[in-house]
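let me see the structure of the following:
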Amino acid sequence: MFTEDLFVLLKYSLWKKDINITISEKNIMVIMELAKRQSVIGLVADAIISNDIPIGRDNVMMLLSYLNAVKRNNRNVDEGLTELCSLLKNNSIGYFVCKGQTMAHLYDKQNIRCAGDV
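Numbering: from 1, shown residues only. Predicted coordinates:
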């Protein structure tokens with residue numbers, strides 16, 4: 001049940017598939033824990049908020065907090081990556097980045113995917 005709900009939300013976030021889902025205030029915590037474990041918390045939070053799924057005011061505030069943290073983390077990783085690339089370039093060290101951060105442009109909303117290591 002929770003896994004199916006998670007997949008429905010991800011399908012919306014990644015491919016804008018229509019969703020018709022009800023999530024109880026009690027179940028939102030389980031779904032978000034699954035999303036955290038799979039590093040898709042920003043995508044799932046955005047799908048719930050974008051579709052106005054009623055989950056209660058406190059839970060909406062929690063999801064907004066998650067989204068802000070994911071966006072802030074993305075900014076920090078982007079800044080660090082830019083600094084690293086400048087350092088390598090200034091020292092004539094060839095490089096190319098093959099990590100998810102460089103693939104963000106493939107996402108509809110680039111700043112809601114969870115950033116990892118570089």
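
what's the helix or strand for Met62?
helix 57-90 (DSSP states H and E).

one more: Leu9?
Using DSSP H and E, Leu9 falls in helix 2-15.

what ranges of this protein fall below the confidence cut-off?
116-118 (pLDDT under 70).

change it to 80
1, 98-108, 110-111, 114-118 (pLDDT under 80).

in the helix holding Met62, what counts as buried?
For helix 57-90, the neighbour count (16 or more other Cβ atoms under 10 Å) marks Asn59, Val60, Met62, Leu63, Tyr66, Leu67, Val70, Lys71, Asn74, Val77, Asp78, Leu81 as buried. Where you see a C-beta, it was placed from the backbone N, CA and C, and this is true even at glycine.

quick one: which of those is nearest Tyr107?
Checking the buried residues of helix 57-90 against Tyr107 by Cβ to Cβ gives Asn74 as the nearest, at 10.6 Å.

mind checking how far the closest one is from Ile53?
Asn74 sits 24 Å away from Ile53 when distances are taken as Cβ to Cβ, to the nearest Å.

do the same with Gly80
Gly80 is 34 Å from Ile53, by Cβ to Cβ.

can you check Gly100 too?
27 Å.

again with Ile112
Distance from Ile112 to Ile53, counting by Cβ to Cβ: 16 Å.

neighbour-wise, which of those two wins?
For Ile112 versus Ile53, the count of surrounding residues by other Cβ atoms under 10 Å is larger for Ile112: 22 against 18.
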